[in-house]
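A.B. asks: Coordinates only, no sequence provided:
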């Protein structure tokens, strides 16, 4: 049991030290993905109508290109992928470009009238019928105790 604890402690310490001794220059990596990947992403998204930002079919290829770019830069710079820099990078991308999008990634839109009309018409009709029934019943008081 003590050997297992020592091995676990050794692995934990190695995990803490390893990122600092790897060949990845985190500052340079962050600058590289901003200069290369973000620049291309901004250019591609600029060619898209803002109303289509939440349409996954329209943005999927651009987004996949951005993801692949951050991965390729990480490989060439001997960095782990994904990492905290990439997480922060994508969080800022989502904050800027996709903050109004639904979680599912689909555009929110009104349902067709064939579905919407019954959901509006039936409650209105039931309310009118019930009101008419109450008024009619209240005027006919004979025979009711």
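C.D. replies: Perfect, I can see it now. Here the structure is a predicted model, which means the values were calculated and not measured. Numbering: from 1, shown residues only.

A.B. asks: Do me a favour and average the pLDDT over the helix or strand harbouring residue 89.
C.D. replies: Using DSSP states H and E, residue 89 maps to helix 84-97. Taken as a whole, helix 84-97 has a mean pLDDT of 94.

A.B. asks: Following it in sequence, what is the next regular element?
C.D. replies: helix 113-139.

A.B. asks: just checking, what packs against that following helix?
C.D. replies: Where contact means 3 or more CB pairs under 8 Å, 6 or more residues apart in numbering; DSSP states H and E, helix 113-139 is not packed against any helix or strand. Any C-beta I mention is one placed from the backbone N, CA and C, and that applies to glycine too.

A.B. asks: Could you pull up the residues touching residue 98?
C.D. replies: Residue 98 makes contacts with 53, 54, as judged by CB atoms under 8 Å, 6 or more residues apart in numbering.

A.B. asks: how near is it to residue 30?
C.D. replies: 21 Å (CB to CB, to the nearest Å).
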